[in-house]
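Participant: got a predicted structure here, sequence first:
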Amino acid sequence: MRSAARAVGPAALLVLALGACSDEGTSITEQMRAGDQKGYVAGDGTIERLAPGERSTTVSLSGTTLEDEDWSLEDHRGDVVVINVWGAWCGPCTAEAPDLAAAATAFEEAGEPVTFIGVNDRDSIPSARAFEDKHDIPYPSLAYDGGRTLAQLGSLAPFRPTTLVVDAEGQLAARVGVQVDESTLTGMVQDVLDDEAGAADGEGAGG
């Protein structure tokens with residue numbers, strides 16, 4: 001499985017920038033400058049990837065799923081984790097839902113160590129579950145709890161949708177601050193899987 005859209009041109013960036021809903025008046029760049037996320041430079045409407053040596057932001061996330069089960073990112077160390085922040089009220093979230101479902105299913109069927117988790121924003125549990133049922137989402141989502149769960153992501157996810165890719169060590173490896181398609185997401189996740197495999201091969205050779 002290999003498809004990587006690592007760079008996009010100005011015209012594509014404009015389209016991507018229009019494909020997001022935002023509650024914030026500031027740009028991603030301004031928020032990141034105001035925070036303490038070292039080594040991570042972001043921009044509106046961009047697709048970003050960090051090489052292993054550039055990763056310095058540890059992502060923490062835990063909450064309760066729509067099915068009332070506890071979920072924690074810590075329990076999935078060793079996997080590449082895809083976090084998608086979404087709301088049923090957000091048009092781009094609806095548009096990307098089939099792509100996320102397809103990517104998650106493909107990685108699962110391939111037996112890859114990849115975990116997907118959604119994080120809902122502002123929907124009631126019945127509304128969020130209806131959205132997931134309608135779009136055949138094969139992975140769980142954390143329920144909206146007034147913003148406490150979302151607050152754990154800080155300024156990493158100011159837009160709806162936002163998709164984060166977290167490596168096996170819990171470090172932020174990639175981010176899409178707008179609607180994502182299956183091929184782009186698959187390529188980003190596969191790149192991180194390749195990074196993990198390369199690191200393991202290097203350790204084996206060194207031993």
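Facilitator: Nice, I can see it.
Participant: between the two ends of stretch 60-77, how far is it?
Facilitator: Using C-alpha to C-alpha, to the nearest Å, the end-to-end distance of stretch 60-77 comes to 11 Å.
Participant: now stretch 164-180: buried residues?
Facilitator: Neighbour counts over stretch 164-180 (16 or more other C-beta atoms under 10 Å) mark 164-168, 170-180 as buried. Yep, even glycine has a C-beta here, placed from its N, CA and C like the rest.
Participant: centre of the chain to it, how far?
Facilitator: 5 Å (C-alpha atoms, centre = their mean, to the nearest Å).
Participant: hey, C-alpha coordinates of it in CSV?
Facilitator: Coordinates of the C-alpha atoms in stretch 164-180 are reproduced here as CSV (Å, rounded to 0.1, in the frame of the first residue of the first chain):
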residue,chain,number,x,y,z
LEU,A,164,-3.3,14.0,13.3
VAL,A,165,-0.9,11.0,12.7
VAL,A,166,0.9,9.9,15.9
ASP,A,167,3.9,7.6,15.7
ALA,A,168,4.5,4.5,17.7
GLU,A,169,6.3,6.5,20.4
GLY,A,170,3.3,8.9,20.8
GLN,A,171,5.0,11.8,18.9
LEU,A,172,3.1,13.9,16.4
ALA,A,173,4.3,12.8,13.0
ALA,A,174,1.9,14.5,10.6
ARG,A,175,-1.2,16.7,10.4
VAL,A,176,-3.9,17.7,8.0
GLY,A,177,-5.8,20.8,9.0
VAL,A,178,-8.5,20.4,6.4
GLN,A,179,-10.5,17.8,4.6
VAL,A,180,-8.3,14.8,3.8
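Participant: show me what contacts residue 123?
Facilitator: Contacts for residue 123 (C-beta atoms under 8 Å, 6 or more residues apart in numbering) come out as 87-89, 131, 144.
Participant: can you check residue 100 too?
Facilitator: Neighbour list for residue 100: 82, 84, 116, 137, 163, 180, 182, 185 [criterion: C-beta under 8 Å, 6+ apart].
Participant: likewise for residue 79?
Facilitator: Counted by C-beta under 8 Å, 6+ apart, residue 79 has contacts 113-115, 168.
Participant: check which helix or strand covers residue 63.
Facilitator: Using DSSP states H and E, residue 63 maps to strand 62-64.
Participant: helices or strands up against that strand?
Facilitator: strand 70-72, helix 148-151 (3 or more C-beta pairs under 8 Å, 6 or more residues apart in numbering; DSSP states H and E).
Participant: using PDB, write down the CA coordinates of the last one.
Facilitator: I take that to be helix 148-151. C-alpha atoms of helix 148-151 as PDB (Å, rounded to 0.1, in the frame of the first residue of the first chain):
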ATOM      1  CA  ARG A 148     -12.400  18.600  28.100                       C
ATOM      2  CA  THR A 149     -11.300  15.800  25.800                       C
ATOM      3  CA  LEU A 150     -10.600  18.200  22.900                       C
ATOM      4  CA  ALA A 151      -8.600  20.400  25.300                       C
END
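Participant: in its sheet, which strands sit next to whichever helix or strand comes after it, and in what direction?
Facilitator: Next in sequence after helix 148-151, counting helices and strands by DSSP H and E, comes strand 159-160. Applying DSSP bridges to the sheet, strand 159-160 is found paired with strand 21-22 (antiparallel).
Participant: can you give me how far the host helix or strand of residue 197 is from the chain middle?
Facilitator: Assigned by DSSP H and E, residue 197 belongs to helix 182-206. Here helix 182-206 is found 17 Å from its chain centre; the criterion is C-alpha atoms, centre = their mean.
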